[in-house]
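> Predicted model and sequence below, questions to follow.
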Amino acid sequence: MIPKGLYSLRLPHYWKFVLLGLLVASSVVLFFECYWQAQSSESQEISLGSTEKVEGVDEVDVDSAPNLDITTTISTSPANPTNLAANLHTKNDTANLTVNLVMATLFNDDISWTENIQIPNLNIIRYVSDDMDAEYHPPVPIKGHEALIYHTYMHDFYDDLPDITIFTHADDTSWHVDAVLNSSMAFSLSHLDLEQVLLRQYFNLRVVWAVGCPDWINTTKGPGDSTKAEEPYMYEAFRENFNTTPPEILGGPCCSQFAATRDAIRRHPQSQYRRSMDWLMLTDWTDYISGRVWEHMWAWLFKEEAVDCAVEWKTYCTMYHICFGSESRNRVNNLEKERKRLKRDGVLGELMGLLRGQNNQERLDEIDAIMAAELENALEIGRNEVARANVLSDLYGS
């Protein structure tokens, strides 16, 4: 008699269950893959915002900015974006600026990457949180994350501030730095328009809205109402540091890396920074919470604004001279969503991709190459004054 069906095959007994399990697992993976794809269309780590056409950006004639055909497989590695053409800080109007880079570090952190920052007259001041013998250190070790270091600097250097102070963590590459900025702080600072920093007085180095904008913190929420660790502490933190009733909503890109001018820091008396130093040292909150609450208060400190959420694509163009046209913004957004999905799917996604004849890692490499080419193209457009002039006036209107 001819066997009929899988359960009639002459296999060891347990194989019947293995095959059934594989079929069930495949169905579950396919279900969640469809679900994740649907979810990724609603939220994303990188967004270049509105895609309406901006006069002068797509139409600008830049000979060295080729039209990218994303249907062509890119087999060669694109040029390192860090080495892309002219340094933006060699203008006569910014060459004489004084700039301090204040870094919140630990003793074992490697900050050699700062040698790649292309800013004239850059003076690096490294604070070491866990070494009280270091030249620069906070009053007490490992307290308030980077916030205590930043306030210590602003208090101690109050009478000897440079034109601009840039505040960062110890790492060059981390998720705190936007993917559009090559995920590199050295790249970001080398392309930062210092003239625009002077004009705006305070600028959050992170642009992307994810984890911060537009209404990330509600200061009225208590422990039972919030899923964000620091949110229930925000009302008290704000009141204690500023001696005023906090606004209900606070919003702004995370993660405590920014630039501030001398005037922005001196809009408060020196005693303000002493007040916040004392609060950070005396609070019985954890180092994590006491530092984390300050991520949402820098814009209020320097601008007295509760929500500081500029239009992303305009900000990249204005502040970093990375100017994506409308078609390029759509392309980059879609590619980033695809990249996130492929990375999130992990091993199971790789297996399912192989079953469909797709190598996920090869696709990820291809996406990285296309994104790098898009970035190079955006930098070329950003070097053109006419293209930038159309978006310089207002970072907040879409």
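Noted; the coordinates are in hand. Treat the numbers as computed from the prediction; the structure is a model and nothing was measured.
> any idea of the mean pLDDT for the helix or strand that contains Gln361?
For Gln361, the host element (DSSP states H and E) is helix 360-382. Helix 360-382 carries an average pLDDT of 91.
> going on from it, what's the next piece of helix or strand?
Next in sequence after helix 360-382, counting helices and strands by DSSP H and E, comes helix 385-389.
> what's the distance between that next one and the middle of its chain?
25 Å (C-alpha atoms, centre = their mean, to the nearest Å).
> Show me what it is packed up against.
For helix 385-389, the packing partners by 3 or more C-beta pairs under 8 Å, 6 or more residues apart in numbering; DSSP states H and E come out as helix 312-320. (Each C-beta comes from the backbone N, C-alpha and C, glycine too.)
> Mind listing what's buried along the helix it packs on?
Residues of helix 312-320 classed as buried: Glu312, Trp313, Lys314, Thr315, Tyr316, Cys317, Thr318, Met319, Tyr320 (neighbour count, 16 or more other C-beta atoms under 10 Å).
> and what of stretch 323-337?
Buried residues in stretch 323-337 (16+ other C-beta under 10 Å): Cys323, Phe324, Gly325, Ser326, Ser328, Arg329, Arg331, Val332, Asn333, Leu335, Glu336, Lys337.
> Hmm, the first one is touching Gly382, no?
Yes - judged on C-beta atoms under 8 Å, Cys323 makes contact with Gly382 at a distance of 4.2 Å.
> what residues are shared contacts of these two?
Cys317, Arg388 (C-beta atoms under 8 Å, 6 or more residues apart in numbering).
> which secondary structure elements does the helix or strand containing Ala264 contact?
Taking DSSP H and E as the definition, Ala264 sits inside helix 262-265. Secondary-structure packing of helix 262-265 (3+ C-beta pairs under 8 Å, 6+ apart): strand 164-168, helix 298-303.
> Please identify the most buried of these.
Compared across the helices and strands packed on helix 262-265, strand 164-168 shows the largest average neighbour count, a mean of 24 (mean count of other C-beta atoms under 10 Å).
> Return the list of strands paired to that strand, each annotated with direction.
Partner strands for strand 164-168, per DSSP bridges, with pairing direction: strand 99-105 (parallel), strand 258-261 (antiparallel).
> distance between the first one and the chain's centre?
From the chain centre to the centre of strand 99-105 is a distance of 18 Å (C-alpha atoms, centre = their mean).
> who's in contact with it?
Residues outside strand 99-105 that contact it (C-beta under 8 Å, 6+ apart): 111, 114, 117, 119-129, 145-146, 149-150, 153, 157, 161-170, 189, 194.
> again with the last one
The list of residues contacting strand 258-261 from outside it, by C-beta under 8 Å, 6+ apart, reads 163-167, 192, 197-198, 201-205, 298, 302.
> so which of the helices and strands packed on helix 262-265 gets nearest Ala229?
Across the helices and strands packed on helix 262-265, Ala229 has its closest neighbour in helix 298-303 (18.3 Å, C-beta to C-beta).
> Average pLDDT for that closest one, rounded please.
Taken as a whole, helix 298-303 has a mean pLDDT of 98.
> send the alpha carbons of that helix over as CSV?
Output of helix 298-303 as CSV, limited to C-alpha atoms (Å, rounded to 0.1, in the frame of the first residue of the first chain):
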residue,chain,number,x,y,z
TRP,A,298,18.1,71.9,29.0
ALA,A,299,15.9,73.7,26.5
TRP,A,300,14.1,75.4,29.4
LEU,A,301,17.5,76.3,31.0
PHE,A,302,18.8,78.0,27.9
LYS,A,303,15.7,79.1,26.1
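> What are the contacting residues of it?
Contacts with helix 298-303, where a contact means C-beta under 8 Å, 6+ apart, come from 201-202, 204, 238, 242, 247, 250, 252, 256, 258, 260, 264-265, 267-268, 272, 305-308.
> try stretch 117-133
Contact with stretch 117-133 is made by 87, 89-90, 94-107, 111, 114, 134-138, 141-143, 148-149, 152-153, 162, 186, 189-190, 192, 194, as judged by C-beta under 8 Å, 6+ apart.
> Now, these that are in strands?
Cross-referencing the contacts of stretch 117-133 against strands under DSSP state E gives Val99, Asn100, Leu101, Val102, Met103, Ala104, Thr105.
> so can I have a markdown table of those residues showing neighbour count and pLDDT?
Converted to a markdown table, the ones in strands among the contacts of stretch 117-133 look like this (neighbours: other C-beta atoms under 10 Å; pLDDT from 0 to 100):
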| residue | neighbour count | pLDDT |
| --- | --- | --- |
| Val99 | 23 | 98 |
| Asn100 | 20 | 98 |
| Leu101 | 22 | 98 |
| Val102 | 22 | 98 |
| Met103 | 24 | 98 |
| Ala104 | 26 | 98 |
| Thr105 | 23 | 98 |
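> Name the nearest of those relative to Val386.
Among the ones in strands among the contacts of stretch 117-133, Val99 lies closest to Val386 (C-beta to C-beta), at 27.9 Å.
> beta partners for the closest one?
Beta-bridge partners, per DSSP bridges, of Val99: Leu122, Ile164.
> what about it, distance to Arg363?
Per C-beta to C-beta, to the nearest Å, Val99 is found 41 Å from Arg363.
> Which residue is the nearest non-sequential neighbour of Thr245?
Leaving aside its chain neighbours, Thr245 sits nearest to Arg239 (6.9 Å; criterion: C-beta to C-beta, 6 or more residues apart in numbering).
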